[in-house]
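Undergrad: could you work out the structure for the sequence below:
(one chain, ligands or ions: 1)
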Amino acid sequence: MSRHALHALLSFVIAMITAGPGSSTLAQTSSAEEALVKKARAIHEKVITLDTHIDFSPGDLVGERNYTQRLETQFNLPNMIDGGLDALFFSIYVGQTREAQNPDAFKPAGYERAYKLAVEKFDAVLRFTREIAPDKIELALNAADVRRINAQGKKVALMGVENGYTIGEDIARVKEFYDRGARYLSLTHNGHNQLADSQTGERDGWKWNGLSPLGKQVVGELNRLGIMVDVSHASKQSMMQMAALSRAPIIASHSAPRALCDVSRNMDDEQLLALKRTGGVIQVFAYSSSIKTTRPDSPERAAALAAARKEHNLPEPTGPGQPARFQAALKKLSADGRAEYEKQLAEIDKQHPGDPPANLKDFVDHIDYAVRLIGIDHVGIASDFDGGGGVIGWNDASETFNVTLELVRRGYTEQQIEKLWGGNLLRVMDAVQRIAGELQKN
Ligand SMILES: [Zn+2]
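TA: Alright, predicted model coming up:
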């Protein structure tokens, strides 16, 4: 018997023993799958899993019904626990209206309104971590805090500001936001503001051709204080200028590579390489329309889907906050109701085919791409849950383990997964803090 044949026989015997009587090729496959799941579980439990972008409304966080309960949201503490998610950045997000729709948008009244909304969100996170669930979750202000709180078995909350619009024209507010706990800040959201051009300029035209003079000052102030410069939602020119200007590594808290999905919200290869040169990290996000280009549904398909949803009392499945509501309503259907709904969907797919939304594999394809282009040290993970994020397979925080499982399936090692799930981001946080210390000395 050749060594190869002996090895094969031994493997078979081992598989027989492991699988027990009645084993077959199928049992061998399933035991290989079990081993993979077991390996992924061990890694998932060991590494710090950090999601850098989750939206919330203050009412859900600290209201009568709040995130200690399983609300109909993608993120909440029960989902976080079920999915083995250890840490998250709550997004202190405030949108802005266009100047044409709101003449006050870039006047003191508009800034004041936005600032108050941001403060309300900062206060809600503080109350949640200090009063509502202090035994379960704690606010971290640096990477050392994240590691310490995680080691104590508690969940970790951090805060990042989405949209520098909220600081108005008062640069002192950057320091105020730092003192309130902000550890990243994106200069823009959708639509240009007083600091920078947004990616929406590819459709609307440009205001500053990158950063405004105040925006440049804000980058310096973020560096000086130790807040990570977040380039998500910025235009390419704004982003490249931030990369050139920043004295510390920059991040994209929730973005995706444009090479795989050509939308202005994503980052092209030149941008990703510039981000890498700063020592920074792109947190690839599970946002379906940034992951996969799909054709809109035909009117016939849209109407048939809407009719099926109506028949089963299901809400719209897309839009901010909707995926979780949809999932919750789906779970409430009886077994018969669910089977009937799925039969109708299959029939609709046959009669009026459409493009399915992005799934977990499409999402991890983006991680693979970014890793190949800029290296394992410069890529991380974000969901954008409750802000429009979620893909089939990672559609709420309770499904977070699926991401690790898919990474293990693709051959990523524990060390690599540790970097993707938070190690890289924490390294950047450490660097940003160290550089701020140096800048403050000078
Ligand atoms: Zn966003």
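
Undergrad: helices or strands up against the one helix or strand Q237 maps to?
TA: Using DSSP states H and E, Q237 maps to helix 236-245. Counting contacts by 3 or more CB pairs under 8 Å, 6 or more residues apart in numbering; DSSP states H and E, helix 236-245 packs against helix 213-225, helix 269-277. C-beta coordinates here come from the backbone N, C-alpha and C atoms, glycine included.

Undergrad: please export the C-alpha coordinates of that helix as CSV.
TA: Output of helix 236-245 as CSV, limited to C-alpha atoms (Å, rounded to 0.1, in the frame of the first residue of the first chain):
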residue,chain,number,x,y,z
LYS,A,236,-12.3,61.7,-4.2
GLN,A,237,-10.6,65.1,-4.2
SER,A,238,-11.5,65.8,-0.6
MET,A,239,-10.3,62.3,0.4
MET,A,240,-7.0,62.7,-1.5
GLN,A,241,-6.4,66.1,0.1
MET,A,242,-7.2,64.6,3.6
ALA,A,243,-4.7,61.8,2.9
ALA,A,244,-2.0,64.3,1.9
LEU,A,245,-2.7,66.7,4.7
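
Undergrad: start at 425 instead
TA: All set: I'll call the first residue 425, so the last point we hit is now helix 660-669.

Undergrad: the residue lying closest to V643 once chain neighbours are set aside and A620, how far apart?
TA: Spatial nearest neighbour of V643, excluding adjacent residues (CB to CB, 6 or more residues apart in numbering): L669 at 5.0 Å. To A620, L669 is 11 Å away according to CB to CB, to the nearest Å.

Undergrad: in terms of neighbours, single out the busier of these two.
TA: Each of L669 and A620 has its neighbours counted (other CB atoms under 10 Å); A620 has more, 31 against 17.

Undergrad: could I get the full set of strands for the stretch 425-574 of the chain?
TA: Listed in chain order, the strands of the stretch 425-574 of the chain (DSSP state E, counting those that start in this stretch) span residues 474-478, 511-517, 561-563.

Undergrad: could you look over the ones you listed and pick the most buried one?
TA: strand 474-478 (a mean of 29; mean count of other CB atoms under 10 Å).

Undergrad: tally of neighbours for Q775?
TA: Per other CB under 10 Å, the neighbour tally for Q775 reads 10.

Undergrad: check contacts around it.
TA: Q775 sits next to E724, A728 when contact means CB atoms under 8 Å, 6 or more residues apart in numbering.

Undergrad: could you report the pLDDT at it?
TA: For Q775, the pLDDT comes out at 93.

Undergrad: distance of it from A732?
TA: Applying CB to CB to Q775 and A732 gives a distance of 12 Å.

Undergrad: point out where the chain drops to low pLDDT.
TA: 425-448, 743-745, 747 (pLDDT under 70).

Undergrad: okay, now the domains of it?
TA: Domain assignment for the chain by automatic domain parsing gives 462-718+780-865, 723-775.

Undergrad: output the ones you listed in JSON lines; the columns should cover distance to A456.
TA: Below are the domains of the chain laid out as JSON lines (distance: least, CB to CB, whole Å):
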{"stretch": "domain 462-718+780-865", "distance to A456": "11"}
{"stretch": "domain 723-775", "distance to A456": "29"}
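
Undergrad: pick the most buried one from those domains.
TA: domain 462-718+780-865 (a mean of 20).

Undergrad: can I get stretch 510-523 as PDB, trimmed to CA atoms?
TA: The C-alpha coordinates for stretch 510-523 follow below in PDB (Å, rounded to 0.1, in the frame of the first residue of the first chain):
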ATOM      1  CA  ASP A 510     -17.700  42.800  21.000                       C
ATOM      2  CA  ALA A 511     -17.400  46.400  20.100                       C
ATOM      3  CA  LEU A 512     -19.100  49.100  18.000                       C
ATOM      4  CA  PHE A 513     -18.800  52.700  17.100                       C
ATOM      5  CA  PHE A 514     -22.200  54.400  17.500                       C
ATOM      6  CA  SER A 515     -22.500  56.900  14.700                       C
ATOM      7  CA  ILE A 516     -23.200  60.500  15.900                       C
ATOM      8  CA  TYR A 517     -24.900  61.100  12.600                       C
ATOM      9  CA  VAL A 518     -26.700  64.300  11.600                       C
ATOM     10  CA  GLY A 519     -27.900  64.800   8.000                       C
ATOM     11  CA  GLN A 520     -28.100  68.100   6.200                       C
ATOM     12  CA  THR A 521     -30.600  69.500   3.800                       C
ATOM     13  CA  ARG A 522     -29.400  71.100   0.600                       C
ATOM     14  CA  GLU A 523     -29.000  74.800   0.600                       C
END
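
Undergrad: for that stretch, the distance to its chain's centre please.
TA: From the chain centre to the centre of stretch 510-523 is a distance of 12 Å (CA atoms, centre = their mean, to the nearest Å).

Undergrad: if we can go back for a sec, of all the strands of the stretch 425-574 of the chain, which one is nearest V461?
TA: Closest approach to V461 among those (CB to CB): strand 474-478, 21.4 Å.

Undergrad: only C-alpha atoms, please: export the closest one in PDB.
TA: Output of strand 474-478 as PDB, limited to C-alpha atoms (Å, rounded to 0.1, in the frame of the first residue of the first chain):
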ATOM      1  CA  LEU A 474     -15.400  45.600  16.200                       C
ATOM      2  CA  ASP A 475     -17.900  47.100  13.900                       C
ATOM      3  CA  THR A 476     -17.000  50.800  13.100                       C
ATOM      4  CA  HIS A 477     -20.400  52.100  12.000                       C
ATOM      5  CA  ILE A 478     -23.800  51.500  13.400                       C
END
